[in-house]
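Asks: Please find the sequence and the predicted model below.
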Amino acid sequence: MLFPNCKINIGLNITSKRSDGFHNLETIFYPVQWTDVLEITSNQPAVSPAIHLSGLDIQGNPAENICLKAYDLLKKDFPQLPSVDIYLHKTIPSGAGLGGGSADGAFTLKLLNVKFNLGLTEKQLIEYSLHLGSDCPFFIYNKPCFAGGRGEEMQPVSLDLSAYTIMLVNPGIHVNTGWAFSNIRPLQPVKSVRYIIEQSPATWKHEMINDFEAPVLAKYPEIAGIKQKMYEQGAVYASMSGSGSTVYGIFASDAVAPIEWPKHYMQQLTR
């Protein structure tokens, strides 16, 4: 059993449009402990894998779940892989800028590798995970890193926020990623996120930028209000993660005051 965790983006700059239709970006991926639950058991003599979902709803056809796609990827190269039952309990909201689905796919690769002794290295797992999504490789590595390219080009960074408390709040608003990208003009940042994170988080408010915030916060004032409330309550830095709609605030651990949010909001405190 594994507990796939999510991530936040600390800074997110869309730097150029690629010839393959994707975008080049730069961001800091930082793992946080808001987790799903993943368990895999052999279901032989069944011939097909099955997925069993619980917790938060996942939109789309369960037969196309990323965990099954991860299984199929490995099955092509490891025909001895037995048919399995995959149990996934969702607590990370989907389509929220937290990479929860990507984490589930990447952790499925890791769990299959260990459970069935496939002998795959971290590098090989990263190569497989890229077939599932641009930010899936991060969850194989799962340590703070600077990411470039589509998000798959990673370099480790020395960033430790354990002295802070991170508050994550999701208002349940779905932000269409395609729409968000269409409202961004790619541009090289004045200062790279890899240098900004070397400074104290107290300075990030004035330099760290998520390019998606300008169009998303303008269209969804409710999301902008979450960020503003976090600053009013003492966050040293607050930002939307990815293309939203989750907002996180970084607080000094001795200065986290309870904040009243609407009952339908999902929230998590972590380090």
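Replies: That came through fine. Computed from a predicted structure; not experimentally measured.
Asks: residue contacts, Pro4?
Replies: Applying C-beta atoms under 8 Å, 6 or more residues apart in numbering to Pro4 gives the contacts 35-36, 38, 92, 100, 103-104, 106-107, 139. C-beta: built from backbone N, CA, C; applies to glycine.
Asks: Return the distance of it relative to Leu56.
Replies: In this view, Pro4 and Leu56 are 13 Å apart by C-beta to C-beta, to the nearest Å.
Asks: Name the residues contacting each of the two.
Replies: Joint contacts of Pro4 and Leu56 (C-beta under 8 Å, 6+ apart) are Ile92.
Asks: in the protein, which helix or strand is least confident?
Replies: Here the helix or strand of the chain ranked lowest by mean pLDDT, DSSP states H and E is helix 177-182, holding a mean of 88.
Asks: Output that one as PDB - backbone C-alpha positions only.
Replies: Included here for helix 177-182 are C-alpha records, laid out as PDB according to Å, rounded to 0.1, in the frame of the first residue of the first chain:
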ATOM      1  CA  THR A 177      -6.500  24.200 -18.400                       C
ATOM      2  CA  GLY A 178      -6.800  24.700 -22.200                       C
ATOM      3  CA  TRP A 179      -8.600  28.000 -21.600                       C
ATOM      4  CA  ALA A 180      -6.000  29.000 -19.000                       C
ATOM      5  CA  PHE A 181      -3.100  28.400 -21.500                       C
ATOM      6  CA  SER A 182      -4.900  30.300 -24.200                       C
END
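Asks: in the helix or strand just after it, what counts as buried?
Replies: From helix 177-182 onward toward the C-terminus, using DSSP states H and E, the following helix or strand is helix 193-196. Residues of helix 193-196 classed as buried under the neighbour-count rule (16 or more other C-beta atoms under 10 Å) are 193-194, 196.
Asks: ok, now stretch 29-44?
Replies: 29-32, 34-38, 40.
Asks: Now tabulate the residues you listed in TSV and tack on distance to Tyr248 and secondary structure.
Replies: What follows is the buried residues of stretch 29-44, written out as TSV (distance: C-beta to C-beta, whole Å; DSSP: H, G, I helix; E, B strand; the rest coil):
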residue	distance to Tyr248	secondary structure
Phe29	13	strand
Tyr30	9	strand
Pro31	13	strand
Val32	8	strand
Trp34	10	strand
Thr35	16	strand
Asp36	18	coil
Val37	22	strand
Leu38	23	strand
Ile40	30	strand
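Asks: Dump the residues you listed to CSV, plus pLDDT.
Replies: Below are the buried residues of stretch 29-44 laid out as CSV (pLDDT from 0 to 100):
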residue, pLDDT
Phe29, 97
Tyr30, 97
Pro31, 97
Val32, 96
Trp34, 96
Thr35, 97
Asp36, 98
Val37, 98
Leu38, 98
Ile40, 98
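Asks: Leu168 pairs with what?
Replies: Counting by DSSP bridges, Leu168 forms beta bridges with Tyr248, Gln268.
Asks: Mind pulling up the pLDDT for it?
Replies: Leu168 is assigned 97 on the pLDDT scale.
Asks: likewise Lys205?
Replies: The confidence metric pLDDT takes the value 95 at Lys205.
Asks: ditto for His23
Replies: 83.
Asks: pretty sure Asn13 is touching Ile209, no?
Replies: Yes - using C-beta atoms under 8 Å, Asn13 makes contact with Ile209 at a distance of 6.6 Å.
Asks: Helices of the chain, residue ranges please.
Replies: Taking DSSP state H as the test, the helices found in the chain are 66-77, 100-115, 122-130, 136-141, 177-182, 193-196, 213-219, 221-232.
Asks: what's the closest of those helices to Phe22?
Replies: helix 177-182 (9.5 Å; C-beta to C-beta).
Asks: Neighbours of Val114, how many?
Replies: 12 (other C-beta atoms under 10 Å).
Asks: and the gap between the spatially most central residue of the chain and Cys6?
Replies: Per C-alpha atoms, centre = their mean, the C-alpha nearest to the average position across the chain is that of Gly99, at 2.4 Å. Remark: distance between Gly99 and Cys6 (C-beta to C-beta) = 6 Å.
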